[in-house]
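Colleague: 3D, please:
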Amino acid sequence: MRRLVTPADFDRIFDIYMHETVVPFLGFDPMPPDAFGKVFQPLFESGCFYVYEIDAKVMGFYKAQRHVGRAAHVAYLGTFAVAPEAHGQGIAVAMMQDAIARLRNTGITRVELTVEADNPRAIAFYERLGFVHEGTQRAAYKRATDEGYVDELMYGLLLSR
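Modeller: Alright, predicted model coming up:
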């Protein structure tokens, strides 16, 4: 079940976000809980950050934000993660299908996302769902633990009406 995040979700979001298999791909380096508040608060305040629960336990999250103006038919999907202990259980597919259906129902006809070029599992997942690689931002990220930079790949999905 999808629902908007609440402040009570902070600890679970932190645990998933900062897990060693997740944190390399979410835009921030590992940090303690007190510093994570500066990441969590804007997500919460955006009004478009969702958690996905199974049996009343948060098992994943994502942010789906509609663009404005001439791009109001487009939504950006990001900060997408599934709890590591739940990988391989179909939760990511369920979350993505739910997000896309909800976006389509609000008039969205294009969904965009970005993914690090060194995340082959996520790339394969998005491509299986029909997302198409539309461009590359070279040397877009630099993790504190890496010597080099990582490219960011831009993907898009056109939704039928």
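
Colleague: Run through the chain and note the low-pLDDT ranges.
Modeller: Across the chain, the ranges flagged by pLDDT under 70 are 161.

Colleague: Of all residues in it, which one is nearest the centre?
Modeller: Within the chain, the residue whose C-alpha comes closest to the C-alpha centroid is Phe80; the distance, by C-alpha atoms, centre = their mean, is 2.0 Å.

Colleague: What is the neighbour count of Gly107?
Modeller: Applying other C-beta atoms under 10 Å, we find 12 other residues in the vicinity of Gly107. Every residue, glycine included, has its C-beta placed from N, CA and C.

Colleague: Pull the number of nearby residues for the nearest residue to it once chain neighbours are set aside.
Modeller: What sits nearest to Gly107 in space, not counting adjacent residues and going by C-beta to C-beta, 6 or more residues apart in numbering, is His73, at 6.6 Å. Summarising burial for His73: neighbours were counted as other C-beta under 10 Å, giving 13.

Colleague: now swap in Asp34 and tell me
Modeller: There are 7 residues near Asp34, going by other C-beta under 10 Å.
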